[in-house]
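Visitor: Here is my input, please return the structure:
(one chain, ligands or ions: 1)
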Amino acid sequence: MTETTSGKLLDPLRLFFALWPDDATRTTLNHTGKWLHKHWDGRRMRADTLHLTLAFLGRTPVAQLDALTASVDAIEAQALELTLDQPGHWQHNRVGWLGPSQPPPQLGELVSALNAAIQQSGIAFDARPHVPHVTLLRNAAGGGLPACQPVAWSVRDFVLVSSRIEEDGANYDVIRRWSLT
Ligand code: 2AM
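Guide: Take a look at the predicted model:
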């Protein structure tokens, strides 16, 4: 699960918490990625990697995983409905993305609860202000756009993901999943 292709266990892991789309939402997001690519060019993210990051931990020793998951087990957060209706482009890293113009309060609550749980588990962590987005393009040109078809996403769980940077790009393994109430 968190092994390299050569079979070695990765330590430290490169971890992040994320909302992981169900198959139907993933297909719709991928469709929006195609549409955005027509306007902004760049490199499309593979459909199987699409996600919305909640908190990024970076390099974390495997030895800290149990403390982390125990802290997160104690979180009680609510299910939420996301409407991803806002395409965006960041000049500094040329990322093209889709996010919610009006993030529901439950999303901010979940992010805060995760930040607290990460800190409680003793992991060195530098929380940045959270800008909810799904990266669809890298090296994108940006510019004006026609109206974008919103993507509706019923969020019922969140995941912990381990990221492996390999020759074909980033590969992600979902290593734990937590239900929202
Ligand atoms: P991005 O898609 O905007 O690049 C895995 O790398 C995920 O973690 C991606 O969603 C990425 O966001 C995000 N990420 C990478 N580095 C980060 C950082 N330093 N702070 C917050 N999120 C980060």
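
Visitor: hey, which helix is longest across the chain?
Guide: helix 23-40 (DSSP state H).

Visitor: Enumerate the positions of that one that are buried.
Guide: 25-26, 28-30, 32-33, 35-37, 39-40 (16 or more other C-beta atoms under 10 Å). All C-beta spots, glycine's among them, are computed from the backbone N, C-alpha and C.

Visitor: How about stretch 151-167?
Guide: 151, 153, 155, 158-164.

Visitor: ranges for the strands of this structure?
Guide: 13-19, 43-44, 52-60, 80-84, 86-90, 95-99, 134-138, 151-155, 157-166, 169-179 (DSSP state E).

Visitor: OK, contacts around the residue nearest to residue 19 when sequence neighbours are not counted?
Guide: Spatial nearest neighbour of residue 19, excluding adjacent residues (C-beta to C-beta, 6 or more residues apart in numbering): residue 52 at 4.3 Å. Applying C-beta atoms under 8 Å, 6 or more residues apart in numbering to residue 52 gives the contacts 18-19, 82, 99, 132-134.

Visitor: what does residue 141 give?
Guide: 40-42, 94.

Visitor: who in the protein is up against the ligand?
Guide: Selection of the chain residues close to the ligand by C-beta under 6 Å from any ligand atom yields 16, 53, 56, 95, 128, 135, 163.

Visitor: Kindly state the beta-bridge partners for the second one.
Guide: This points to residue 53. Taking DSSP bridges as the rule, residue 53 bridges to residue 18.

Visitor: For it, give its distance to residue 141.
Guide: 23 Å (C-beta to C-beta, to the nearest Å).

Visitor: repeat for the third one
Guide: Note on residue 56: its distance to residue 141, by C-beta to C-beta, is 26 Å.

Visitor: With residue 123 instead?
Guide: Plainly put, residue 123 is 37 Å away from residue 141 if you go by C-beta to C-beta.

Visitor: Could you list the residues in contact with stretch 55-70?
Guide: 2, 9-17, 111, 114-115, 117-118, 121-123, 125, 127-128, 130, 160, 176.

Visitor: Name only those of these that count as buried.
Guide: 2, 10, 13-17, 111, 114-115, 117-118, 121, 123, 130, 160.

Visitor: Return the member of those nearest to residue 78.
Guide: Nearest to residue 78 among these is residue 111, at 12.8 Å by C-beta to C-beta.

Visitor: separation between the nearest residue to that closest one once chain neighbours are set aside and residue 52?
Guide: In space, and not counting its chain neighbours, residue 111 is closest to residue 130: 4.8 Å by C-beta to C-beta, 6+ apart. Using C-beta to C-beta, residue 130 is found at 10 Å from residue 52.
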